[in-house]
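Undergrad: For reference, the sequence and a predicted model appear below.
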Amino acid sequence: MTRTHLITVVAIVTLSFASFGQAWAQTELIVNGGFESGLSSWTASGSFYYWNNPARAHSGSQYAYFGVASDGATPLVNGSGSIYQSISIPSGATSATLSFWLWVASDEGTTVAYDYLYVEVLNSSGSLLATLATYSNRDKSGSFSSTTPAYQQKSLSLTAYAGQTIRIRFRGTTDYRTATIFRLDDVSVSSTVPPPAARIDSYSPSSPVEVTVGSSTTISVTFTNTGNTAWSFIAGATV
């Protein structure tokens, strides 16, 4: 006796999303970091100034400085001053980095620190959260009267402050001894945020469906693109 068996071939449909051109977003958070607009967007106090001299700037024509009076020449004695700018680091940031170029020129020695520049993080109310770095005459790259720029780039992490509004402050102090000048230029805070994912809101059918060879069925998917770059919807069948 002959027996006949019916074999049903089932296609399993898989759904996926793919993005094209969806890049990690890098955002600059500092305004006027090169001081080309003077101290605009910065809040200054005490004896922290800016100067226009392309030969002394790291880039452009202006820079901020501490350690010399507003005339750009007279050394400060027992001076103090600061500048700060408020920034908001995105809550989804996977990295945030403060970078700047610093040129320390001094007639002090390099054995003992007398004149200081502090890089600080404050909360939105002005309370000190952390001192990220401290520089002094010990970090000098030449004499006080040196005219050859000797900037060094500094980089400090701000990732721990993701999701917060903070103040980035540069604060200086000098004593009564020999002169030191701290020149500051090209301040930047760059944050990196990963691209958003597409969100599937609904789909039908909601349970597995057998689709035999030669027949068809309809699959409906509703999704939301939470970013600003196009996503492609991909369906594939596996038999």
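TA: Received, thanks.

Undergrad: which residues of this structure score low on pLDDT?
TA: 1-24, 196-239 (pLDDT under 70).

Undergrad: What segments of it are helices?
TA: Along the chain, no stretch is classed among the helices by DSSP state H.

Undergrad: ok now the longest strand seen in the chain, how far from the chain's centre?
TA: When the chain is parsed with DSSP state E, its longest strand is strand 180-193. Mean-position distance between strand 180-193 and its chain equals 11 Å (C-alpha atoms, centre = their mean, to the nearest Å).

Undergrad: and what of stretch 47-62?
TA: Chain-centre distance of stretch 47-62: 23 Å, with C-alpha atoms, centre = their mean.

Undergrad: Quickly list what the most centrally placed residue in the chain is bridged to.
TA: The structure's the chain has its C-alpha centroid closest to Ser190; by C-alpha atoms, centre = their mean the separation is 2.1 Å. Using DSSP bridges, the beta-bridge partners of Ser190 come out as Glu28, Thr97.

Undergrad: can you check Ser136 too?
TA: Residues in beta-bridge contact with Ser136 (DSSP bridges): Tyr116.

Undergrad: what's the burial count for it?
TA: 21 (other C-beta atoms under 10 Å). C-beta coordinates here come from the backbone N, C-alpha and C atoms, glycine included.

Undergrad: and if you look at Ser155?
TA: Counted with other C-beta under 10 Å, Ser155 comes out at 11.

Undergrad: And the one 10 residues further on, by the same measure?
TA: Residues lying near Thr165 (other C-beta under 10 Å) number 12.

Undergrad: just Asn78 next, same as before
TA: Count around Asn78 with other C-beta under 10 Å applied: 9.

Undergrad: Let me see the contact set for it.
TA: 174-176 (C-beta atoms under 8 Å, 6 or more residues apart in numbering).

Undergrad: picking that back up, how about the longest strand of the chain as CSV, C-alpha atoms only?
TA: These are the backbone C-alpha positions of strand 180-193, laid out as CSV (Å, rounded to 0.1, in the frame of the first residue of the first chain):
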residue,chain,number,x,y,z
THR,A,180,54.7,84.5,36.1
ILE,A,181,52.2,84.8,33.3
PHE,A,182,49.8,82.1,32.3
ARG,A,183,48.5,82.4,28.7
LEU,A,184,45.4,80.4,27.8
ASP,A,185,44.0,79.8,24.3
ASP,A,186,41.7,77.5,22.3
VAL,A,187,39.6,76.2,25.1
SER,A,188,37.3,73.4,24.1
VAL,A,189,34.8,70.9,25.6
SER,A,190,33.8,68.2,23.2
SER,A,191,31.1,65.7,24.1
THR,A,192,30.3,62.4,22.3
VAL,A,193,26.8,61.0,22.2
